[in-house]
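J.: Can you look at this prediction? I've put the sequence above it.
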Amino acid sequence: MKKAMRSRNIRASVIAAVVGGTVVLAGASEATGDTITLRTAYPGPSTSPIAECLFEWMAQELETRSEGRIEVETFSGGNTFADQTQQYDQLVAGVLDYTYVALQNHPGRFPLTSLITLPFSVSDRMAASRTLLEMSETDLADEFDDIRILAIFTGPMSDVHAREPIASFEDLGGLRVRAIGREVEQSARALGMDPVSIPLSALYENLQRGVIDGGLLTGAAIAVFRLHEVTDHHFLSNMIASPTIIGMNKDAYDRLPEDLQAIVDEHFSGWALAEYATQCFIDLDQLGIRLAEEAGNVVTVATDAQISVAREVLAPTVNEILEEMEADGLPAHATYQTLLDGMARHGEGDGTNR
């Protein structure tokens, strides 16, 4: 009963917010004749590399594989429905039928899943995505029981990109940086940084004006928002992973005919989608760094010795985060160990994926 009431309240609040914005949606998924319209949204401009690689690809593939019986209505960055801090609630409420959500934009809401963001936890993104996908059906299932998970995966990796020279972790001290997510903020402070919360869409201007010195940012963000134009130094260490989902509203899925559900299940769910999305972000991170290099920026890769020292510095912070969750009644230590064990089991190649 409490769950149902919460869902109705979320739907009411989201629709109220939308009414106060720019447009009102008539329903989450509406069939007209033989055509079913699915509404989705994503951050950033429709012309961005991530839109082409993942969001537009998925919309076009849904329409193609359904032979036109599914039509996708897309809202991109700058629209009320493309606000990453709102998209999960819009998905639960049925305002959106399916969407992409970077979970770090919802601090404290997915605490066990956020353990993947603890510093230097991930070196092989494919292994991490396989592990998250497995655990979404076990240890992490309760955190997403109000939606249908199509895919959960490790999106882009966050490193420090700044206006000031950075050759080591010691150079991070005193930098005012964008950092999103409670665990990420705690890690940034432990390394001497001053974390601030700024939307990605406002980051270019704030870096350009010197309001902040840099950010824990992804190569994908560099590429999409052209941040290589306002940062000169890039210190790469595979520091922070970004847990990401593509989810679907349960009612929207249930309204699909069985043959269309089968298409979603086979081509847009599970490892088929998670692997594709993970590779998209690997490629986009590489693109962002390549753009920085082509701009003449200084790109420094942390050595194993530097990372080892940083791990030691951060160890008390990692333990503090785990203990805080345990105090809240969450099995943080056991879940984190399951994450690490899963990534070790699935690990392949040199593990960098960069």
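T.: Everything's here; your move. Predicted model only: the values in this text are computed from it and were never measured. Numbers count the residues shown, from 1 in each chain.
J.: all helices of the protein, in order?
T.: 2-19, 49-50, 56-65, 87-93, 125-135, 182-190, 203-209, 219-225, 250-255, 258-267, 270-294, 304-327, 332-346 (DSSP state H).
J.: Please list the residues outside the second one that contact it.
T.: Read that as helix 49-50. Residues from elsewhere that reach helix 49-50, judged by C-beta atoms under 8 Å, 6 or more residues apart in numbering: 42, 44, 220, 223, 224, 280, 281, 284, 287. All C-beta atoms are positioned from the backbone trio N, CA, C, and that covers glycine.
J.: Surely the first one touches residue 96?
T.: No - counting by C-beta atoms under 8 Å, no contact exists between residue 42 and residue 96, whose distance comes to 10.2 Å.
J.: Number of residues surrounding residue 57?
T.: Neighbourhood size, residue 57 [other C-beta atoms under 10 Å]: 14.
J.: Would you mind naming the residues that bridge with the most centrally placed residue in the chain?
T.: The residue lying closest to the centre of the chain (C-alpha atoms, centre = their mean) is residue 102, at 2.6 Å. On the basis of DSSP bridges, residue 102 is bridged to residue 244.
J.: just to revisit the earlier point, what about residue 42 and residue 96, which has more around it?
T.: Remark: of residue 42 and residue 96, residue 96 carries more neighbours, 31 against 27, as counted by other C-beta under 10 Å.
J.: Pull up the gap between that one and residue 60, please.
T.: Going from residue 96 to residue 60 by C-beta to C-beta, to the nearest Å gives 18 Å.
J.: now swap in residue 320 and tell me
T.: Separation of residue 320 from residue 60 (C-beta to C-beta): 46 Å.
J.: from memory residue 173 sits against residue 194, does it?
T.: No - under the criterion of C-beta under 8 Å, residue 173 is not in contact with residue 194, lying 9.5 Å apart.
J.: More neighbours: which of the two?
T.: Taking residue 173 and residue 194 together and counting by other C-beta under 10 Å, residue 194 has the greater number of neighbours (15 against 10).
J.: Quick one: residues contacting that one.
T.: Shown in contact with residue 194 (C-beta under 8 Å, 6+ apart): 174, 175, 176, 177, 188.
J.: what's the burial count for the first one?
T.: The number of residues packed around residue 174, counting by other C-beta under 10 Å, is 10.
J.: Separate out the buried members of the contacts of helix 49-50.
T.: 42, 44, 220, 223, 224, 280, 281, 284, 287 (16 or more other C-beta atoms under 10 Å).
J.: now those residues as JSON lines including pLDDT and distance to residue 154?
T.: Shown next, in JSON lines, are these (pLDDT from 0 to 100; distance: C-beta to C-beta, whole Å):
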{"residue": "42", "pLDDT": "84", "distance to residue 154": "18"}
{"residue": "44", "pLDDT": "71", "distance to residue 154": "19"}
{"residue": "220", "pLDDT": "89", "distance to residue 154": "12"}
{"residue": "223", "pLDDT": "90", "distance to residue 154": "17"}
{"residue": "224", "pLDDT": "86", "distance to residue 154": "18"}
{"residue": "280", "pLDDT": "94", "distance to residue 154": "12"}
{"residue": "281", "pLDDT": "93", "distance to residue 154": "8"}
{"residue": "284", "pLDDT": "92", "distance to residue 154": "13"}
{"residue": "287", "pLDDT": "94", "distance to residue 154": "17"}
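J.: Retrieve the pLDDT associated with residue 104.
T.: pLDDT, residue 104: 87.
J.: ugh, typo on my part, it should be residue 286
T.: pLDDT at residue 286 comes out at 94.
J.: State the distance from it to residue 216.
T.: For residue 286, the distance to residue 216 equals 18 Å [C-beta to C-beta].
J.: Between the two, point out the one with more neighbours.
T.: Remark: of residue 286 and residue 216, residue 216 carries more neighbours, 28 against 15, as counted by other C-beta under 10 Å.
J.: That one is in contact with residue 178, isn't it?
T.: Yes - the pair residue 216 and residue 178 qualifies as a contact (C-beta under 8 Å) at a distance of 6.7 Å.
J.: list residues touching both of the two?
T.: With C-beta under 8 Å, 6+ apart, residue 216 and residue 178 have common neighbours residue 195.
J.: Out of the buried ones among the contacts of helix 49-50, which comes closest to residue 128?
T.: residue 281 (11.4 Å; C-beta to C-beta).
J.: Please report how far the closest one lies from residue 249.
T.: Distance from residue 281 to residue 249, counting by C-beta to C-beta: 24 Å.
J.: go on, residue 180?
T.: Distance of residue 180 to residue 249, given as C-beta to C-beta: 25 Å.
J.: And for residue 330?
T.: In this view, residue 330 and residue 249 are 27 Å apart by C-beta to C-beta.
J.: Mind listing what's buried along stretch 65-75?
T.: Buried residues in stretch 65-75, counted by 16+ other C-beta under 10 Å: 65, 66, 69, 70, 72, 73, 74, 75.
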